[in-house]
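Trainee: A predicted structure for the sequence below; I have some questions about it.
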Amino acid sequence: DCLRGANLPEGHVPQRAILWEGNFPMMKTGKVDKNAIKRSVCDARKSREKGPANDVKVGRQSVHRPVEARVAAVWEDTLGIDFDIDSSFWRHCGGQSLTAMRVAAALRIPAKLMLDGTLDTPRDIINYLTQNRGAPNRGPQLGVGIERSDAGRDRRIAVIGASGRWPGIGQTSFSSLLEALSGKSGPFNPFTVPPDGHTGVGNVPGGYYLDPALVSGFDIDFWARRGVSDPVLLDPHQRMWLEMAYEALTDGGMGPAMENGDAINCGVFVSGGSLPHYLTLLLEHGETLPSVRVSDPDRYFSLEMGNDKDYLAMRMSHALNLTGPSVCIGTACSSALVAVCQAVQALRDGACDTALCGGVSLVVPQNEHASQDGMIWSSDGKCKPFTDQASGTANSNGGHCFLLKPYEDALRDDDPVYCLISGIGVCNDGAGKPFSAPSVDGHERAIRAAQSDCGSAVSEDVRMIEAHATGTYVGDPIEAEALAGQYWRKKGSG
């Protein structure tokens with residue numbers, strides 16, 4: 001009752017609470033083993049279902065058949081009320097859309113049949129399962145793909161885990177980013193002077209840099225134990241992506257599976273850069289990469305795999321035994337967001353059970369840059385998009401990684417859900433403008449594609465837009481024109 005009165009979003013209000021006696025089980029990393037807690041709760045539920053009192057009260061009857069027993073168990077556990085075969089989900093049980101999704105996911109029935117009232121009572125659900133599908137199937141096992149059907153399935157994708165490296169924030173958890181942006185953790189000013197000092201060449205005083213500890217704190221021994229060959233040769237992009245992906249998987253409840261070395265049917269979709277000057281630091285005096293290729297092919301191969309961005313995804317998949325698609329994305333400035341789109345599509349297609357997606361971009365050493373007329377860099381190192389003071393974009397080091405999962409599966413497994421992805425849209429501008437410039441038409445087509453993909457979930461009530469927002473005189477007006485054409489002018493607001 002206290003939680004219900006705390007003005008929480010509907011999706012954050014628990015339908016039931018379980019009193020845990022004693023200490024929580026812990027992982028080797030010192031974090032609470034959430035999966036062990038879930039297993040204990042599930043084992044207790046199964047023992048209750050299989051015990052001598054396996055009769056399920058159905059109105060005035062008692063039945064022993066597994067379909068009815070399963071429906072009754074899900075109904076009581078999800079709604080927190082006594083089971084009645086003829087009770088209406090919406091009229092008698094205080095049904096909500098999220099609760100309907102949980103029931104549908106747990107019983108593997110089409111969510112839309114719950115949401116539109118077709119399956120309103122337990123009797124309706126039992127009849128449907130008996131006539132159309134039989135007893136509910138078990139959930140997917142680690143390393144095994146899910147057989148999916150688009151018919152009646154919720155296409156939304158849940159973000160269940162996250163990690164990142166952000167300028168001005170010394171922590172790596174997603175909650176630390178939200179607290180910083182909301183001002184709860186104090187004044188937030190990501191603009192700093194270069195932590196690695198000035199070279200004397202650049203003419204811009206500062207930028208958006210990472211805490212040096214987040215760049216240099218790579219645990220070489222930890223990753224060597226996980227099978228990463230020659231981790232000392234990895235460039236900063238590969239190092240940071242390994243760390244973020246591991247943290248996102250742990251945040252999403254995959255920690256025990258990783259610790260056990262289980263094969264996880266998780267896809268990896270990532271974009272990132274490579275640092276040629278970091279590679280030069282690994283070469284001995286007088287050496288060049290072409291000369292090493294001839295004189296020491298084995299060493300050349302190790303240097304290539306450790307520093308080429310083409311190995312970002314596969315390095316992660318190999319280190320953590322991830323068996324889903326492993327793809328590096330390269331679409332320039334849109335790469336990390338296109339990686340999210342590719343991950344969403346892979347999950348919808350059933351290519352993997354979960355998917356990691358994101359990107360990482362670093363300039364090391366973290367020093368100043370130069371502003372030059374005709375180029376995109378701002379004169380003061382700050383990016384001020386959609387304002388009269390905008391003079392260009394700015395250097396910014398950082399990265400992010402999200403763990404995605406089909407929403408129905410996340411509900412079934414009681415995963416934490418940060419947010420939902422309802423639709424995606426990807427296109428290209430074509431040849432109607434200069435190669436490095438965007439276009440209004442291309443922006444509008446991408447927006448329309450994403451809106452169309454949302455289906456019934458699309459909303460005209462847009463509360464926030466994450467723009468490209470380069471802060472340039474060319475890019476900002478084009479983006480603003482496309483957004484205005486698709487949102488505000490369409491609604492007649494001018």
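Mentor: Right, received. Where do you want to start? Residues are numbered from 1 along each chain as shown.

Trainee: got the contact list for the residue lying closest to Arg412 once chain neighbours are set aside?
Mentor: Using C-beta to C-beta, 6 or more residues apart in numbering and skipping residues adjacent in sequence, the residue nearest Arg412 is Ala105, 3.8 Å away. Glycine gets a C-beta too; all of them are placed from N, C-alpha and C. Contacts were defined as C-beta atoms under 8 Å, 6 or more residues apart in numbering; by that measure Ala105 touches 111, 408-409, 411-412.

Trainee: ok, which stretches of the stretch 201-350 of the chain are helices?
Mentor: Per DSSP state H, counting those that start in this stretch, the stretch 201-350 of the chain carries helices over the ranges 212-216, 220-225, 236-251, 255-260, 276-282, 289-295, 297-307, 312-320, 335-349.

Trainee: out of these, nearest to Cys401?
Mentor: helix 236-251 (3.9 Å; C-beta to C-beta).

Trainee: what's the angle between that closest one and helix 297-307?
Mentor: 60 degrees (axes from the mean of the first three to the mean of the last three C-alpha atoms, to 10 degrees).

Trainee: If you count contacts, what does helix 236-251 end up packed against?
Mentor: In terms of contacts (3 or more C-beta pairs under 8 Å, 6 or more residues apart in numbering; DSSP states H and E), helix 236-251 is packed against strand 157-165, helix 212-216, helix 255-260, strand 266-272, helix 312-320, strand 354-361, strand 398-406.

Trainee: what residues does the fifth one touch?
Mentor: Contacts of helix 312-320 from elsewhere in the structure, counted by C-beta under 8 Å, 6+ apart, are 223, 226-228, 234, 237-238, 241-242, 245-246, 249, 258, 264, 268-272, 305, 322-324, 326-328, 356, 360.

Trainee: If you count neighbours, what's buried in that helix?
Mentor: Neighbour-count burial for helix 312-320, with 16 or more other C-beta atoms under 10 Å as criterion, is recorded at 312-317, 319-320.

Trainee: Convert it to CSV, retaining C-alpha atoms only.
Mentor: The C-alpha trace of helix 312-320 is given here as CSV (Å, rounded to 0.1, in the frame of the first residue of the first chain):
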residue,chain,number,x,y,z
LEU,A,312,34.5,-4.9,-31.2
ALA,A,313,31.4,-7.2,-31.4
MET,A,314,33.1,-10.5,-31.9
ARG,A,315,35.6,-9.9,-29.0
MET,A,316,32.6,-9.4,-26.7
SER,A,317,30.8,-12.5,-27.9
HIS,A,318,33.8,-14.7,-27.5
ALA,A,319,34.8,-13.4,-24.1
LEU,A,320,31.4,-14.0,-22.5
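
Trainee: what's the neighbour count on Ala69?
Mentor: By other C-beta atoms under 10 Å, 18 other residues sit near Ala69.

Trainee: Check what pLDDT Leu178 gets.
Mentor: Leu178 is assigned 80 on the pLDDT scale.

Trainee: so it is in which element?
Mentor: Here Leu178 is covered by helix 174-182, with elements defined by DSSP states H and E.

Trainee: could you give the angle of that helix to helix 236-251?
Mentor: Using the same axes, to 10 degrees: helix 174-182 against helix 236-251 is 100 degrees.

Trainee: Tell me the strands beside the helix or strand following helix 174-182, with direction?
Mentor: Next helix or strand after helix 174-182 toward the C-terminus (DSSP H and E): strand 191-192. Listed by DSSP bridges, the sheet partners of strand 191-192 and their directions read strand 207-208 (antiparallel).

Trainee: State the pLDDT value of Arg16.
Mentor: 58.

Trainee: so how far is Arg153 from the residue nearest to Ala100 when sequence neighbours are not counted?
Mentor: Of all residues not flanking Ala100 in the chain, Met114 sits nearest, at 4.1 Å (C-beta to C-beta, 6+ apart). Using C-beta to C-beta, to the nearest Å, Met114 is found at 12 Å from Arg153.

Trainee: for Met244, same thing?
Mentor: 30 Å.

Trainee: Surely Gly432 touches Arg445?
Mentor: No. Counting by C-beta atoms under 8 Å, Gly432 stays clear of Arg445, with 11.7 Å between them.
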